[in-house]
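Trainee: return atomic coordinates for the entry below.
(2 chains)
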Amino acid sequence: MTSQLEAVGLTLGYDDRDVVRDLDVTIPPGKVTMIVGANACGKSTLLRGLARLLKPRGGSVLLDGRSVHEQRSRDVARVLGLLPQTPVAPDGITVGDLVGRGRYPHQGWFRRWNAEDDAAVDRALAATGTADLIDRPLSELSGGQRQRVWVAMALAQETDLLLLDEPTTYLDLHHQVELLDLLTDLNRDSGRTIVVVLHDLNLACRYADHLIAMKAGRIVVEGAPADVVTAEVITEVFGLRCEVVPDPVSGTPMILPRGRHHADLAEKCT
Amino acid sequence: MTSYAVLRRRLRARAAGVTAALAALVLALFVVTLSVGSYRVPLDDVVVSVLHLGENPAVDFVVNGLRMPTALAAVFAGLALGLAGTIFQQLLGNPLASPDFVGVSEGAGLAAVAGLTVFHVSGAPISLLAFGGAMTSAALIYLLAWKDGITGYRFILIGIGVSAFFVALTGWVVARSEDWEARSAMTWLTGSVGQAGHGEIRALVVTVLLAIPAAVVLRRQLGVLALGDDAARALGARLELARLVLLGLAILLVAVATAAVGPVMFVALVAGPIAARLLGPAPGLLAAGLAGAVVMLTADLIAQHLLPASLPTGVVTGAVGAPYLVWLLATSNRKS
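Mentor: So this is what the prediction gives:
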């Protein structure tokens, strides 16, 4: 029952500028996909487009073969969840209240809150290790805890597909790894499809089953990180000379940038 | 460790308790309002008279004839402003986003003052003008703030600009009027629950009674809209529609309240935060409305009976509300 998300000829933009142009992509179901690219390459725009937060200027986003814009928003929200880059936490809101709001698409004018909703919130809190924070105000938590609570809210939505826009941006390295481990658990335990826009290339290479590298609104390469990440590709995508070596921890590709300074050993080698 | 079901039941019980207590307080203040004055009616006689349990023409005249309109206007204008204020604040995610400051009341003020001093009308036509002014300025702010949708920040800033414009025009209209007209204009602009006519009170009561169930139903939408546009859309909310309906409801409430009692300032600003103090963040809309009614009734009792001279309600709400606003600005600046 894993849902299929794809874009066909998708063009997205703001004001008078196209940010993503005529893009085709299929998100591999049941896998962790990471989207990387330089600033302003359109990766967040693509994610927002896939989550129907932006109306396409051309082409369409298909969820299980049907355009997301032609389906009821609530029906889409039961299958496809998104954690925005900067969601707004109302003043003083508690963890339980926030996570409970993730159940919104499962309710309606006549279907009120029931035991299944309670259970879903408890599952989301347990999965993210935030159950003992349930009555704490979000503002009192650390950045890492806060981000796990937002993930819990998106989890309470109980969608097959979960999209996250730079979920590690404000976290230190320890909490970045912790969050990516959590997303991997969510993928492995329940077969959820996870799509993440990520800044950190090395972590993206380590945690992605499927890597999408974008430049100027287009996909440059996509595939398993080990297959597609080469120094040439990284140079093309980021405009940066670099070395690619196996990550000593995971064996996945690891990118070592070459700046103008401190490249003495590399210069000697080449 | 608490499960969500336990937490939710606990919060719901607390909300029900606090809301009931606020309702009881409103009722008590309502009865006191009917009781006190130059001719003091004992509380039990007030109850007997209101419920038509006995005949006493003198008491009936004072309670139901003289004081009832004021008391009803205070309760329902307070409810309307409390509901509208908390909808604005939660929707726009800002404790400063009160309809008093974003131009709605000021639009009503300009239209009413123009009616009093330029067209020389009074009574019900003034209320109609105020209602029209409130709705027109709200529409103007909405159109000016529209840019691929409405963001709270733009709405507030544009509202403040529009508000300043209306205040300036109002000043000009007052300045070029006769002394006695200027006096009645300033009295109207202060706002008082005593000035409401029967027709306005009826319109206010009906609107509030219809708005309360609507607001309770829309609270779920308000809860996800408060998480920001992207999160709300991702959760499947029909963002623009929900926001338009909620803003429209709040503006309608402010317009009918202002039409009845004039622009009584600060009630809409403080009602939501008072309810939040009692209930925690994102308080129930009914609780916030009742808090508004408590503020309005208390302010009117102070204005009418505790001060040496009887004053318009707006003087008291302003005197208490303005320092609160300063405190709010000072502390919220420090936080960020």
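Trainee: what sits against the residue most central in space within chain B?
Mentor: By CA atoms, centre = their mean, chain B has its centre lying nearest to B:L81, at 1.4 Å. Shown in contact with B:L81 (CB atoms under 8 Å, 6 or more residues apart in numbering or on different chains): B:P99, B:L253, B:V254, B:A257, B:V264, B:V267, B:A268, B:A271, B:G292, B:M296. Quick note: C-beta positions are derived from backbone N, CA and C, even for glycine.
Trainee: now the last one: which helix or strand?
Mentor: When elements are defined using DSSP states H and E, B:M296 is found to belong to helix B:285-301.
Trainee: how about low-confidence regions in the stretch 1-150 of chain A?
Mentor: A:1 (pLDDT under 70).
Trainee: please tell me how far the residue in it positioned nearest to chain B sits from A:T94.
Mentor: When scored by CB to the nearest CB, the stretch 1-150 of chain A has A:A77 as its residue closest to chain B, at 2.9 Å. Here the criterion is CB to CB, to the nearest Å. By it, A:A77 lies 23 Å from A:T94.
Trainee: ok, these two, which is more surrounded?
Mentor: A:A77 (25 against 22; other CB atoms under 10 Å in any protein chain shown).
Trainee: excluding chain neighbours, what is closest to B:V31?
Mentor: Once flanking residues are discounted, B:V31 sits nearest to B:V46: 5.4 Å by CB to CB, 6 or more residues apart in numbering or on different chains.
Trainee: follow-up on the earlier one: tell me which other helices or strands the helix holding B:M296 touches.
Mentor: helix B:4-35, helix B:68-92, helix B:198-225, helix B:267-279, helix B:313-335 (3 or more CB pairs under 8 Å, 6 or more residues apart in numbering or on different chains; DSSP states H and E).
Trainee: distance check, the closest residue in space to B:A71 that isn't next to it in sequence against B:P99.
Mentor: Spatially, and ignoring its direct neighbours in sequence, B:A71 is nearest to B:T33 (4.3 Å; CB to CB, 6+ apart). Remark: distance between B:T33 and B:P99 (CB to CB) = 24 Å.
Trainee: again with B:T258
Mentor: Going from B:T258 to B:P99 by CB to CB gives 9 Å.
Trainee: again with B:G292
Mentor: B:G292 is 12 Å from B:P99, by CB to CB.
Trainee: pick out whichever of these two has more residues nearby.
Mentor: B:G292 (34 against 29).
Trainee: do you know how far that one is from A:R112?
Mentor: Applying CB to CB to B:G292 and A:R112 gives a distance of 27 Å.
Trainee: then B:V320?
Mentor: 39 Å.
Trainee: between the two, which one's more packed in?
Mentor: Using other CB under 10 Å as the criterion, B:V320 and A:R112 rank with B:V320 on top: 16 against 9.
Trainee: ok, the more buried one touching B:A299?
Mentor: Yes - B:V320 is within contact range of B:A299, at 7.3 Å (criterion: CB atoms under 8 Å).
Trainee: the stretch 101-250 of chain B against chain A: which residues are in contact?
Mentor: B:217, B:220, B:223-224, B:226-231, B:233-238 (CB under 8 Å from any CB of the partner chain).
Trainee: farthest pair in those?
Mentor: Pairwise distances across these (CB to CB) peak at 24.3 Å, for the pair B:V217 and B:D230.
Trainee: show me what contacts the nearest residue to B:P281 once chain neighbours are set aside?
Mentor: In space, and not counting its chain neighbours, B:P281 is closest to A:G92: 3.5 Å by CB to CB, 6+ apart. Residues near A:G92 by CB under 8 Å, 6+ apart: A:P137, A:S139, B:A276, B:G280, B:P281.
Trainee: do B:L169 as well
Mentor: With CB under 8 Å, 6+ apart, B:L169 has these contacts: B:L110.
Trainee: taking helix B:68-92 as reference, get the angle to the helix or strand containing it.
Mentor: Following DSSP H and E, the helix or strand that holds B:L169 is helix B:152-175. Put simply, helix B:152-175 runs at 140 degrees to helix B:68-92, going by axes from the mean of the first three to the mean of the last three CA atoms, to 10 degrees.
Trainee: give the buried residues for helix B:152-175.
Mentor: Using 16 or more other CB atoms under 10 Å in any protein chain shown as the test for burial, helix B:152-175 gives B:152, B:154-156, B:158-160, B:162-163, B:165-166, B:169-170, B:173-174.
Trainee: restrict that helix to CA atoms and write it as CSV.
Mentor: Output of helix B:152-175 as CSV, limited to C-alpha atoms (Å, rounded to 0.1, in the frame of the first residue of the first chain):
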residue,chain,number,x,y,z
GLY,B,152,-0.2,37.8,9.3
TYR,B,153,2.7,40.2,9.3
ARG,B,154,1.6,42.0,6.2
PHE,B,155,-2.0,42.2,7.4
ILE,B,156,-0.9,43.8,10.7
LEU,B,157,1.5,46.3,9.2
ILE,B,158,-0.9,47.3,6.5
GLY,B,159,-3.7,47.5,9.1
ILE,B,160,-1.6,49.8,11.2
GLY,B,161,-1.0,52.0,8.2
VAL,B,162,-4.7,52.1,7.2
SER,B,163,-5.5,52.7,10.9
ALA,B,164,-3.2,55.8,11.0
PHE,B,165,-4.8,57.1,7.8
PHE,B,166,-8.3,56.8,9.2
VAL,B,167,-7.3,58.4,12.5
ALA,B,168,-5.8,61.3,10.6
LEU,B,169,-9.0,61.7,8.6
THR,B,170,-11.1,61.5,11.7
GLY,B,171,-9.0,64.2,13.3
TRP,B,172,-9.6,66.4,10.3
VAL,B,173,-13.3,65.8,10.3
VAL,B,174,-13.5,66.6,14.1
ALA,B,175,-11.4,69.7,13.7
